[in-house]
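Student: Here you go, sequence then predicted model.
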Protein chains: 2
Amino acid sequence: MLRVALSLFVEQGYHGASMRDIASRAGVSVSAAYHYFPSKADMLRTIMVRVTEDLIADLEAARDGAGADPATRLAAVARAHVLLHTRRQDESFVGNSELRSLSPVDRRKVVALRDRVGQVFKDIVAEGCRRGVFSQPYSAETVRAILTMCTAVAGWYRANGPDRPETVAERYAALALRLVGAMEFDSTFPRSGKVAARVAR
Amino acid sequence: MLRVALSLFVEQGYHGASMRDIASRAGVSVSAAYHYFPSKADMLRTIMVRVTEDLIADLEAARDGAGADPATRLAAVARAHVLLHTRRQDESFVGNSELRSLSPVDRRKVVALRDRVGQVFKDIVAEGCRRGVFSQPYSAETVRAILTMCTAVAGWYRANGPDRPETVAERYAALALRLVGAMEFDSTFPRSGKVAARVAR
């Protein structure tokens, strides 16, 4: 049911897709649809909360598995962020286009979850700046740049295109390190995908 | 009329806003609305084509005013891209969320215009790589990263927030140079906003 709602929101927008449309495409009656979800708003909130909670879990796991070095951590969370966005493109699209359609209470909830996503990146960048391994004079802006470029992958990535999700994720990890001034390309990088982080003076 | 259509598309989505809603908010009759625009689809296409053509004009003017140095050129077009997206946030939102709602013919037209936007950046990055002043092993991805982070400014920029559009534009110009491996921060950078581009070995 949620999957059907999601694809209709992608095709026609939240306001363009009625509960009747959703029920009809799911092959159930409208009253059966209301049995599962009290409202269309409930579906939208569930879709947006779920994907953002999954993203937070992925990011925290990537960060915690990466050890203490800020460059390794930043590469790991950038990679995780990109990977999720190559897999859940529809949810990402709806998440970006339909924040307006949530009730104020639901919107606050989703925005609070997104702030946690941002905080994972902010903490790592702040730690890297504190240790002097990143050289970044305006880190709030840089964190936003990293997040938006990694999120935008959902908009253009094609599963049947030339690049595997892991390849794209690896490249974005390198780009994120460049943005914080921590990256130096290993001469073998384009082939081996190896990221060499350098300690900036 | 287009301004009213734009704000309704932002609030409710293209499919959620009817020609009747648009006419009513514009304070005209539905038949008067159809006098100006043969269809709602026509409004959407006009909105999207106009902002993209204006963007191309801004980018080309910035590029041509920047001389031949690829780093100066890239900084100039990144700045121009960000400036337009701080000014035309609604059009950018609709441009990103309603590409799906265009007819196939209109979509091809808008996509072709967007390809021209991308081409401005691609040509500059390619030239910088050719001259050895950028060190970027996968430039298509990097160009996309630059474009998406600069476009996303439309989503979060607040005119009543702490930063002037020019400040944000200057920072993104520096971030774009970092992404292509051409940037070195001048120690006075955060205060003076001066961009020091370095010739990579």
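Tutor: Yep, that arrived. Residues are numbered from 1 along each chain as shown, chains lettered A, B, ... in the order given.
Student: how close does the closest residue to residue A:21 other than its chain neighbours get to residue A:47?
Tutor: Nearest non-adjacent residue to residue A:21, counting by CB to CB, 6 or more residues apart in numbering or on different chains: residue A:8, 5.7 Å away. The C-beta positions use only the backbone N, C-alpha and C, and glycine is treated the same way. As judged by CB to CB, to the nearest Å, residue A:8 and residue A:47 stand 11 Å apart.
Student: ok, now residue A:178?
Tutor: For residue A:178 relative to residue A:47 (CB to CB), the value is 33 Å.
Student: Residue A:84 belongs to a helix?
Tutor: Yes - the assignment for residue A:84 is a helix, going by DSSP: H, G, I helix; E, B strand; the rest coil.
Student: which residues does it contact?
Tutor: For residue A:84, the contacting residues are A:51, A:54, A:55, A:58, by CB atoms under 8 Å, 6 or more residues apart in numbering or on different chains.
Student: same thing but at 6 Å, please
Tutor: Residues in contact with residue A:84 (CB atoms under 6 Å, 6 or more residues apart in numbering or on different chains) are A:55, A:58.
Student: circling back to that earlier point, name the helix or strand for the residue nearest to residue A:21, please.
Tutor: Residue A:8 belongs to helix A:2-12 when assigned by DSSP states H and E.
Student: avg pLDDT for that helix?
Tutor: Helix A:2-12 shows an average pLDDT of 92 in the prediction.
Student: tell me the pLDDT at residue A:199?
Tutor: 31.
Student: chain center to the lengthiest helix in chain A, what's the gap?
Tutor: When chain A is parsed with DSSP state H, its longest helix is helix A:104-131. Helix A:104-131 has its C-alpha centroid displaced from the chain centroid by 12 Å (CA atoms, centre = their mean, to the nearest Å).
Student: Buried residues, it. List them.
Tutor: A:106, A:109-110, A:113-114, A:117, A:120-122, A:124-129 (16 or more other CB atoms under 10 Å in any protein chain shown).
Student: What's the first helix or strand after that helix?
Tutor: Taking DSSP H and E, what comes next after helix A:104-131 is helix A:139-151.
Student: what's that following helix in contact with?
Tutor: The contact list for helix A:139-151 (CB under 6 Å, 6+ apart) reads A:78, A:81-82, A:85, A:121-122, A:125, A:136, A:172, A:176, A:179, B:145, B:148-149, B:152, B:171, B:175.
Student: follow-up on the earlier one: list the buried residues in the next helix or strand after the helix holding residue A:8.
Tutor: Beyond helix A:2-12 on the C-terminal side, the first helix or strand identified by DSSP H and E is helix A:19-26. Using 16+ other CB under 10 Å as the test for burial, helix A:19-26 gives A:21, A:22, A:23, A:25, A:26.
Student: helices and strands around helix A:19-26, which ones?
Tutor: Applying 3 or more CB pairs under 6 Å, 6 or more residues apart in numbering or on different chains; DSSP states H and E, one finds that helix A:19-26 makes contact with helix A:2-12, helix A:30-36.
Student: now the ones you listed in a markdown table, with mean neighbour count?
Tutor: Shown next, in a markdown table, are the helices and strands packed on helix A:19-26 (neighbours: other CB atoms under 10 Å in any protein chain shown):
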| stretch | mean neighbour count |
| --- | --- |
| helix A:2-12 | 19 |
| helix A:30-36 | 14 |
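Student: Contact residues of chain A facing chain B?
Tutor: Of all the residues in chain A, those in contact range of chain B (CB under 6 Å from any CB of the partner chain) are A:12-13, A:15-16, A:97, A:137-138, A:141, A:145, A:148-149, A:152, A:171, A:175, A:178-179, A:190.
Student: hang on, the earlier thing: next, give me the two most distant ones among the buried residues of helix A:19-26.
Tutor: Taking CB to CB as the measure, these span a maximum distance of 9.5 Å, between A:21 and A:26.
Student: got the buried residues for the helix or strand residue A:42 falls within?
Tutor: In the assignment (DSSP H and E), residue A:42 maps to helix A:40-64. Neighbour-count burial for helix A:40-64 flags A:40, A:43-45, A:47-49, A:51-52, A:55-56, A:58-59, A:62-63 (criterion: 16+ other CB under 10 Å).
Student: contacting residues around that helix?
Tutor: A:5-6, A:14, A:19, A:37, A:73, A:76-77, A:80, A:84, A:88, A:91, A:95, A:106, A:110, A:113, A:116-117, A:120.
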